[in-house]
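Participant: here's my sequence, what's the structure:
(2 chains, ligands or ions: 4)
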Amino acid sequence: MTGPVAPHPRLDVEALLLDPRVHIIVCCGSGGVGKTTVAAAVGLRAAESGRRVVVLTIDPARRLAQSLGVRELDNTPRPVAGIRGRGELHAMMLDMKRTFDEIVEAHSSPVRAAQILANPFYQSLSSSFAGTQEYMAMEKLGQLKASGRFDLIVVDTPPARSALDFLDAPARLARFLDGRFIRTLLVPTRTTGHGYFRVLHAGLNFVTSTMTKLLGAALLSDVQTFVAAMDAMFGGLRERAEATARLLRTPGTAFLVVSSPEPDALREASYFVERLISDELPLAGVVMNRLHTSRVPAISAAQALAAAEASADAADPDVAMAGAALRVHAQRLQIAGVERARLAGFRLAHPRVPLVGVPVFADDIHNLAGLRAFGAELAAGTL
Amino acid sequence: MSVHRRPAGDWEGVRLHIVTGKGGTGKTTLAAAWALALASDGRRVLLAECEGRQGIAKLFDAPPLPYAERKLAVAPGEGMVYGLAIDPEQALLEYLEMYYHLGRAGRVLQRVGAVDFAATIAPGLRDVLLTGKVYEATRRRFGEHRPARTAARISVDGKTPADGYVYDAVVLDAPPTGRIARFLNVNAAVADLARVGPINRQAESIMTLIRSPMTAVHLVTVLEEMPVQETVDGIAELQRHRIPVGAVVVNRVRPEVLPSDLLRTAARGRIDTACLQRGLTKLALPAGEEIAARLAEEMTDAARIGVRQRRLRTVLGETGRPMYQLPESDVDDIARLYVLAAELRAQGVA
Ligand SMILES: Nc1ncnc2c1ncn2[C@@H]1O[C@H](COP(=O)(O)OP(=O)(O)OP(=O)(O)O)[C@@H](O)[C@H]1O
Ligand SMILES: Nc1ncnc2c1ncn2[C@@H]1O[C@H](COP(=O)(O)OP(=O)(O)OP(=O)(O)O)[C@@H](O)[C@H]1O
Ligand SMILES: [Mg+2]
Ligand SMILES: [Mg+2]
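Facilitator: Ligands and ions are numbered 1, 2, ... in the order given. Model (predicted):
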């Protein structure tokens, strides 16, 4: 032990979800740490405390989706059955292609929209453009906020490959739309005559002919058609990306960084925390999920191991039973010890960031009862 | 005396090993251990990554890998693992130089942002370039034209292997399960989009290699609900695309501490706490009612996890794929890779 350490600030999730000034809670973190579970549990608990809540989930586990009633990807919030109390819980699962289609339909004439939707490049873009999922989550968030139907929106985020993905997607999209190559492709349809442009045009023809050689003419003209068709909408998309980015900076928003006590997850969580702080985004704190804890502090790991060894192959059924229990206890303590050491490092690195722990559950969390239990742990806040 | 042997073991004949799995389950770790296992006894294996994350360099504690093949680690018995971080932009330029002598065009395309554009708007094109490089390395033979800037200089002292291949095997740390089928099938899709031209031709040759018995896609998982589900779905999807599925590797396995007979009763929470209390007393440990009750809860937790893991193992077994197990390892450095490689060899991988 290294002497007294100031107590680490505890993240009060209960206060957060009851705070009427908080309208948006964003759960972010690296892959598989429990973002979707935390989002759903926070949403459920807020709803059962009387708030009108919508949870925007992304790729929930199949059984969780079933119990939330969001099996269908229809991009509309659906009421979740079985909520206790006067509040409401709605859930929706994000379908990025559908969201993208809706934007196209809302911003172009029916004929134009049909053209765009049928374009092979549009189809590739809307389902696999890097960052679309993040961008669409933000887009949908803006829409839900504007609808005014909910007093709390809980947002799940896709597994980030790096801390930056989710925060940077809107900006990246905007940058992409302003990209030189897109402009290059658009120029021929816009300029005529001027000497300067003729020189540029020669250069472009060279690029275009190389592209044609590589990709075939049909592909290139598909791209050009697509880019020209989308051009009109680009400004609108960019504006909305910026509006959503502003929404995230308002005091009504709170970010929860979810992590597990694994080295990779902790490293990512550190990046998230740093990034949120340096971007002046409202970080509420860190949820440290899946912690192993001891239920029996009276018996230490060393004691348990020694006794378990002494009882190995015991003929006495009492001793055999105690031996089995102690081996389980020792394994659990060993894991808990490793986690505690990692966590101590994380706390020292972020002494002012509030933290709350959630223990690892023996069963998968895939129904309302599981989420309720998870929410209770989150609110009680061990750690 | 020849030190140089072709890979023997469960994967004889497979030259391209593609490792996938749900994010964070151990793809990079397994790919590295698998490469070390295959490289044992004087073989040469290329370990490649393609997501721009420098995961391999981090794992081997090496400086970031350039877009060039570098010696990475010695394998037991004078084998060698080479590392490569494939970069799509560089791969495009190299490709243009190698096959079309289009050095200038390549640079122009890069300058106007065409490559960036292609990578963003049509990840398919990017994936063609990535898989294209893997294809090139897998089929590269001694004495043939090779990409001068990137290929490792490998001398074999006149003992050119009979089949002439530079690498005995290539192991790819690939995108996760959710994207793997699309990644590998991209060449079929691109061949449709770009109906003529060199990209089309290359796409078709790559697809032929990927669908051949020379390729195997291995899936790594841990014994948890979602990763196992993804593994099962991933196998089905790969099979639908006629891409050969290799092994299922269960990673991070901890020893089962509860004996089978106790597992079932404990999972139902039916533990004889009086018996437990007597046992604790006989072992001279604190044995209060409360302590016994809490210990019983811990046993129930462990038993439920154990029962679930057995069920998940059965689910994985039902896929019919060969299975390997890798233990949870406390060692946190390169030593872990050698331990896991030895484990894989002991289980017959190489
Ligand atoms: N505290 C916990 N104890 C036990 N299981 C948990 C706990 N938290 C989450 N899980 C389980 O872990 C799995 C992953 O959780 P979840 O889907 O919430 O993670 P995620 O961060 O959203 O993952 P992804 O990055 O893939 O979207 C789920 O099966 C969930 O039930
Ligand atoms: N057998 C093992 N024992 C202990 N830890 C392991 C084992 N295998 C992997 N890990 C740890 O799990 C984490 C994830 O492993 P790894 O990076 O190989 O996974 P990945 O699937 O490549 O992840 P990503 O999807 O982020 O690329 C790492 O911290 C690694 O050290
Ligand atoms: Mg999720
Ligand atoms: Mg990896």
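Participant: state the next helix or strand along the chain beyond the longest strand seen in chain B.
Facilitator: Looking across chain B with DSSP state E, the single longest strand is strand B:245-253. Downstream of strand B:245-253, the next assigned helix or strand under DSSP states H and E is helix B:260-267.
Participant: that following helix and chain A in contact?
Facilitator: Yes - for helix B:260-267 and chain A, the contact criterion (CB under 8 Å from any CB of the partner chain) is met by B:Leu262. Just so you know, the C-beta spots here come from the backbone N, C-alpha and C atoms, and that holds for glycine as well.
Participant: check stretch B:297-311 too.
Facilitator: Yes - counting by CB under 8 Å from any CB, chain A is contacted by stretch B:297-311 at B:Glu297, B:Glu298, B:Met299, B:Thr300, B:Asp301, B:Ala302, B:Arg304, B:Ile305, B:Arg308.
Participant: buried ones in the helix or strand where the fifth one lies?
Facilitator: Assigned by DSSP H and E, B:Asp301 belongs to helix B:289-317. Neighbour counts over helix B:289-317 (16 or more other CB atoms under 10 Å in any protein chain shown) mark B:291-292, B:294-309, B:312-313, B:316 as buried.
Participant: angle of it against helix B:260-267?
Facilitator: Relative orientation of helix B:289-317 versus helix B:260-267 (axes from the mean of the first three to the mean of the last three CA atoms, to 10 degrees): 110 degrees.
Participant: and whichever helix or strand comes after helix B:289-317, average pLDDT?
Facilitator: On the C-terminal side of helix B:289-317, the closest following helix or strand by DSSP H and E is strand B:323-327. Strand B:323-327 carries an average pLDDT of 98.
Participant: and strand B:323-327, does that touch chain A?
Facilitator: No - figure legend: strand B:323-327 not in contact with chain A (CB under 8 Å from any CB); closest approach 13.4 Å.
Participant: now do that strand: which elements does it pack against?
Facilitator: Using 3 or more CB pairs under 8 Å, 6 or more residues apart in numbering or on different chains; DSSP states H and E, the elements in contact with strand B:323-327 are strand B:245-253, helix B:334-346.
Participant: re the thing from before, between the helix holding B:Asp301 and strand B:245-253, how many degrees?
Facilitator: Using the same axes, to 10 degrees: helix B:289-317 against strand B:245-253 is 170 degrees.
Participant: just to revisit the earlier point, and the helices and strands packed on strand B:323-327: which comes nearest B:Gly42?
Facilitator: helix B:334-346 (14.1 Å; CB to CB).
Participant: on that earlier part again, quick one: distance of the longest strand of chain B to the chain centre.
Facilitator: 10 Å (CA atoms, centre = their mean, to the nearest Å).
Participant: tell me the helices and strands packed up against that strand.
Facilitator: Secondary-structure packing of strand B:245-253 (3+ CB pairs under 8 Å, 6+ apart): strand B:16-21, helix B:27-39, strand B:215-221, helix B:225-240, helix B:289-317, strand B:323-327.
Participant: are the host helix or strand of A:Leu343 and chain B in contact anywhere?
Facilitator: Assessed by DSSP H and E, A:Leu343 sits inside helix A:317-349. Yes - using CB under 8 Å from any CB, helix A:317-349 reaches chain B at A:317-329, A:331-332, A:338.
Participant: the residues of stretch B:297-311 next to chain A into JSON lines, with extra columns for distance to B:Ala31 and pLDDT?
Facilitator: Formatted as JSON lines, the residues of stretch B:297-311 next to chain A follow (distance: CB to CB, whole Å; pLDDT from 0 to 100):
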{"residue": "B:Glu297", "distance to B:Ala31": "39", "pLDDT": "96"}
{"residue": "B:Glu298", "distance to B:Ala31": "36", "pLDDT": "96"}
{"residue": "B:Met299", "distance to B:Ala31": "37", "pLDDT": "97"}
{"residue": "B:Thr300", "distance to B:Ala31": "37", "pLDDT": "97"}
{"residue": "B:Asp301", "distance to B:Ala31": "33", "pLDDT": "96"}
{"residue": "B:Ala302", "distance to B:Ala31": "31", "pLDDT": "96"}
{"residue": "B:Arg304", "distance to B:Ala31": "32", "pLDDT": "96"}
{"residue": "B:Ile305", "distance to B:Ala31": "27", "pLDDT": "95"}
{"residue": "B:Arg308", "distance to B:Ala31": "27", "pLDDT": "95"}
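Participant: of these, which is the nearest to ligand 1?
Facilitator: Closest approach to ligand 1 among the residues of stretch B:297-311 next to chain A (CB to the nearest ligand atom): B:Ile305, at 9.2 Å.
Participant: hey, where'd the strands end up in chain A?
Facilitator: Taking DSSP E as the test, the strands found in chain A are A:24-28, A:52-57, A:78-79, A:88-93, A:152-156, A:253-259, A:283-291, A:355-359.
Participant: for B:Glu94, find the nearest of these.
Facilitator: Closest to B:Glu94 of the strands of chain A, according to CB to CB: strand A:24-28, at 36.8 Å.
Participant: partner strands of the closest one, with direction?
Facilitator: strand A:152-156 (parallel), strand A:253-259 (parallel) (DSSP bridges).
Participant: need those strands in JSON lines with mean neighbour count and mean pLDDT, can you?
Facilitator: Formatted as JSON lines, the strands paired with strand A:24-28 follow (neighbours: other CB atoms under 10 Å in any protein chain shown; pLDDT from 0 to 100):
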{"stretch": "strand A:152-156", "mean neighbour count": "26", "mean pLDDT": "94"}
{"stretch": "strand A:253-259", "mean neighbour count": "25", "mean pLDDT": "96"}
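Participant: OK, contacts around whichever residue of the stretch 101-250 of chain A sits closest to ligand 3?
Facilitator: When scored by CB to the ion, the stretch 101-250 of chain A has A:Asp156 as its residue closest to ligand 3, at 5.7 Å. With contact set as CB atoms under 8 Å, 6 or more residues apart in numbering or on different chains, A:Asp156 has these partners: A:Cys27, A:Lys35, A:Thr36, A:Ala39, A:Ala40, A:Val55, A:Leu56, A:Thr57, A:Ile58, A:Pro60, A:Ala137.
Participant: where in chain A is pLDDT low?
Facilitator: A:1-6, A:71-74, A:96, A:120-121, A:124-133, A:160-167, A:169-238, A:240, A:383 (pLDDT under 70).
Participant: so which residues on it come close to ligand 3?
Facilitator: Residues of chain A lying near ligand 3 by CB under 5 Å from the ion: A:Lys35, A:Thr36.
Participant: doesn't B:Pro147 lie inside a strand?
Facilitator: No - using DSSP: H, G, I helix; E, B strand; the rest coil, the assignment for B:Pro147 is coil, not a strand.
Participant: which SSE is B:Gly348 in?
Facilitator: Here B:Gly348 is assigned to no helix or strand, by DSSP H and E.
Participant: cool, thanks, talk later.
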